[in-house]
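Chemist: give the three-dimensional model of this entry:
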Amino acid sequence: FSSPELGTVGLTEAEARKCHDVVIFKTSFRAMKATLSGSNERVFMKIVVEKASDRVLGVHILGEAAGEMIQLVGIAVRMGATKRQFDQTLAVHPTASEELVTMRTPSA
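Modeler: Residues are numbered from 1 along each chain as shown. Sure, this is the predicted structure:
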């Protein structure tokens, strides 16, 4: 347990770079709940993707409800989901988790 919550599944970026050519997707934002309440709390998300296969190797979330989100993401990662499959998933709005399926531009 931590505050803010931290959820992680799969490989970290550093671990993945040792064995794979990777593409990184990340975002940092204020969730709508924080924005409406005037809180400065932010959420950070990172998706580590193997470039050749498009397979999601790891997902990392820091912020409110990270534990709940990562439990579900863990199923997808364990099943070998690809970034394209993440992108094809309908985003539920307004939720923080919608960011996981709307990140389109690699950061590294």
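Chemist: assign Trp75 to helix, strand or coil.
Modeler: Slight slip there: residue 75 is Ile, not Trp. Counting by DSSP: H, G, I helix; E, B strand; the rest coil, the backbone at Ile75 sits in helix.
Chemist: any idea how far Cys19 is from Val48?
Modeler: Per C-beta to C-beta, to the nearest Å, Cys19 is found 12 Å from Val48. C-betas here are computed from N, CA, C, even on glycine.
Chemist: oh sorry, the question was meant for Thr8
Modeler: 10 Å.
Chemist: between these two, which contacts overlap?
Modeler: Shared contacts of Thr8 and Val48 (C-beta atoms under 8 Å, 6 or more residues apart in numbering): Gly58, Val59, His60.
Chemist: now do the SS call for the first one.
Modeler: Which is Gly58. Using three-state DSSP, the structure places Gly58 in strand.
Chemist: show me what contacts the nearest residue to it once chain neighbours are set aside?
Modeler: Leaving out its chain neighbours, the residue that sits closest to Gly58 by C-beta to C-beta, 6 or more residues apart in numbering is Gly10, at 3.3 Å. Going by C-beta under 8 Å, 6+ apart, Gly10 touches Val48, Val56, Leu57, Gly58, Val59, Val77.
Chemist: from the contact counts, what lies against the lowest-mean-pLDDT helix or strand in the chain?
Modeler: Lowest on mean pLDDT, DSSP states H and E among the helices and strands of the chain sits helix 32-37, with a mean of 81. Here helix 32-37 touches no other helix or strand, going by 3 or more C-beta pairs under 8 Å, 6 or more residues apart in numbering; DSSP states H and E.
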